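**Student:** Turn this into a model:
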Amino acid sequence: MVNDEPQEDGPSYGIGAVARRLGVPAPTLRTWNLRYGIGPSRRSAGGHRRYDAVDLLRLEEMTRLIKVGLPPAEAAHAALSVRATLLEPPPAREQETPATPDTGAGPGATAVPGAWVMPGAAMVPSAAVLTRAAFHLDADAVAEGLEAAIGAHGAAWMWERLALPVFGAIIRRQEATGGGVEIEHLFSERLLSALSRRVGRPPRPGHPRIVLLACAQDEQHSLPVYALAATLTTTLGLETRVLGPRTPYAALADAMRRLGPVAVFVWSQISETGDPAPLAALPVLRPASRTLVGGPGWHAERLPASVTHMSSLHAAVTEVRASLG
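**Tutor:** Predicted coordinates for the structure are as follows:
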């Protein structure tokens, strides 16, 4: 509980209170401010730097993104897009009269606040614009935005710069209001649809062996697995097979023997599904197959020596590429 006295224009907090609230050391907060520009935006009457409510939201988002595997620099970039309005209900469509800024995209281009366009390309929304579409339950707008982002920048960019920040806004809305599950479900369904279309056999395979991906036994969170699979297929030209949520380890082992993958990736979101012991019983293949795991649920200190824990999507892609030989 933060005990700092509020100022007249809203509450503000000292660095010690913020450090206690987030569980992040004060020196780390100072480093984030110096390196990434994510820090206190107010000054007290005595000239001391203070964090306001939006600063806290950004730092909470940054710490959440780091926990799910983003590097600090990318987490900070995504968190800086957080606005206080993301916790407020979106206005009705008939009340929206946005201005149309000059984007420099050429004749006929249509602009939306918070978005940018490329000449001849579909519009790529910002996280704030995509969040508004999700809050409106506008499935078509969400789908179009995700498709445009993947088409322009790839699955990894879309996942880290759009999907994760939008999920962060949805979670904050749920925490603030106690509702919003329908928003989460709609966005998850559209996101899964966009990613799953990029998973499988690429038009021109870049390697004869495949990558096998699954969730840990009893793990239900499968979207990160699809994000990685889509990136491997579209970026490296690898054939990927996703076994999906709640994959029993016996089933994963059978699939490994049948397919002989070059790498196996297993995701655990929560600690209840992150027991590493079953990983040691996975079959040893010839030719060899790398076993990689990702997600905050793993008890990393107990992982078998042959298993590598991936801290981010980019790290997983790099490790798979290195496994190709």
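**Student:** When you work out contacts or count neighbours from here on, use the C-alpha atoms and nothing else.
**Tutor:** Noted.
**Student:** who's in contact with the residue in the chain sticking out farthest from the centre?
**Tutor:** Distance from the C-alpha centroid of the chain, by C-alpha atoms, centre = their mean, peaks at G46 (39.0 Å). Under the criterion of C-alpha atoms under 8 Å, 6 or more residues apart in numbering, G46 has no contact partners.
**Student:** Can you give me the distance of it to G39?
**Tutor:** Going from G46 to G39 by C-alpha to C-alpha, to the nearest Å gives 18 Å.
**Student:** what does T240 give?
**Tutor:** 41 Å.
**Student:** the more surrounded of the two?
**Tutor:** Neighbour count, other C-alpha atoms under 10 Å: between T240 and G39, T240 has more, with 26 against 23.
**Student:** And that one, what's its pLDDT?
**Tutor:** T240 is assigned 97 on the pLDDT scale.
**Student:** Check the one 10 residues further on too.
**Tutor:** Here the pLDDT value assigned to A250 is 96.
**Student:** what's the answer for the one 4 residues further on, then?
**Tutor:** The confidence metric pLDDT takes the value 97 at D254.
**Student:** CA atoms only for the helix or strand it falls within - export them in PDB, please.
**Tutor:** Element membership for D254 (DSSP states H and E) is helix 249-259. Written as PDB, here are the backbone C-alpha positions of helix 249-259 (Å, rounded to 0.1, in the frame of the first residue of the first chain):
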ATOM      1  CA  TYR A 249       4.200 -35.600 -22.000                       C
ATOM      2  CA  ALA A 250       3.600 -39.100 -23.200                       C
ATOM      3  CA  ALA A 251       1.900 -37.700 -26.300                       C
ATOM      4  CA  LEU A 252       4.700 -35.200 -26.800                       C
ATOM      5  CA  ALA A 253       7.200 -38.100 -26.600                       C
ATOM      6  CA  ASP A 254       5.200 -40.100 -29.200                       C
ATOM      7  CA  ALA A 255       5.100 -37.100 -31.600                       C
ATOM      8  CA  MET A 256       8.900 -36.700 -31.200                       C
ATOM      9  CA  ARG A 257       9.500 -40.300 -32.200                       C
ATOM     10  CA  ARG A 258       7.300 -40.000 -35.200                       C
ATOM     11  CA  LEU A 259       8.500 -36.600 -36.500                       C
END
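**Student:** mind listing what's buried in that helix?
**Tutor:** Within helix 249-259, the residues that qualify as buried by neighbour count (16 or more other C-alpha atoms under 10 Å) are Y249, L252, M256.
**Student:** Nearest residue to the middle of this structure?
**Tutor:** Most central in the chain under C-alpha atoms, centre = their mean is L164, positioned 3.1 Å from the mean C-alpha point.
**Student:** Just the buried residues of the helix or strand just after the helix holding D254, please?
**Tutor:** Note on helix 249-259: by DSSP H and E, the next helix or strand toward the C-terminus is strand 263-267. Using 16+ other C-alpha under 10 Å as the test for burial, strand 263-267 gives A263, V264, F265, V266, W267.
**Student:** number of nearby residues for the residue lying closest to S196 once chain neighbours are set aside?
**Tutor:** Distances taken as C-alpha to C-alpha, 6 or more residues apart in numbering place Y226 nearest to S196, at 6.4 Å, with adjacent residues excluded. Residues near Y226, counting by other C-alpha under 10 Å, number 27.
**Student:** Extract the CA atoms of stretch 303-323 and return them as PDB.
**Tutor:** Coordinates of each C-alpha in stretch 303-323 appear next as PDB, following Å, rounded to 0.1, in the frame of the first residue of the first chain:
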ATOM      1  CA  LEU A 303      15.700 -27.800 -15.400                       C
ATOM      2  CA  PRO A 304      17.800 -30.700 -16.800                       C
ATOM      3  CA  ALA A 305      21.200 -29.700 -18.200                       C
ATOM      4  CA  SER A 306      20.100 -30.700 -21.700                       C
ATOM      5  CA  VAL A 307      17.100 -28.200 -21.600                       C
ATOM      6  CA  THR A 308      17.500 -24.500 -22.400                       C
ATOM      7  CA  HIS A 309      15.200 -21.900 -21.000                       C
ATOM      8  CA  MET A 310      14.300 -19.100 -23.400                       C
ATOM      9  CA  SER A 311      13.700 -15.700 -22.000                       C
ATOM     10  CA  SER A 312      12.100 -14.100 -25.100                       C
ATOM     11  CA  LEU A 313      10.600 -14.900 -28.500                       C
ATOM     12  CA  HIS A 314      13.700 -13.600 -30.200                       C
ATOM     13  CA  ALA A 315      16.000 -15.700 -28.100                       C
ATOM     14  CA  ALA A 316      13.900 -18.800 -29.000                       C
ATOM     15  CA  VAL A 317      14.100 -18.000 -32.700                       C
ATOM     16  CA  THR A 318      17.900 -17.500 -32.400                       C
ATOM     17  CA  GLU A 319      18.300 -20.800 -30.600                       C
ATOM     18  CA  VAL A 320      16.300 -22.700 -33.100                       C
ATOM     19  CA  ARG A 321      18.300 -21.100 -36.000                       C
ATOM     20  CA  ALA A 322      21.500 -22.200 -34.300                       C
ATOM     21  CA  SER A 323      20.100 -25.700 -34.000                       C
END
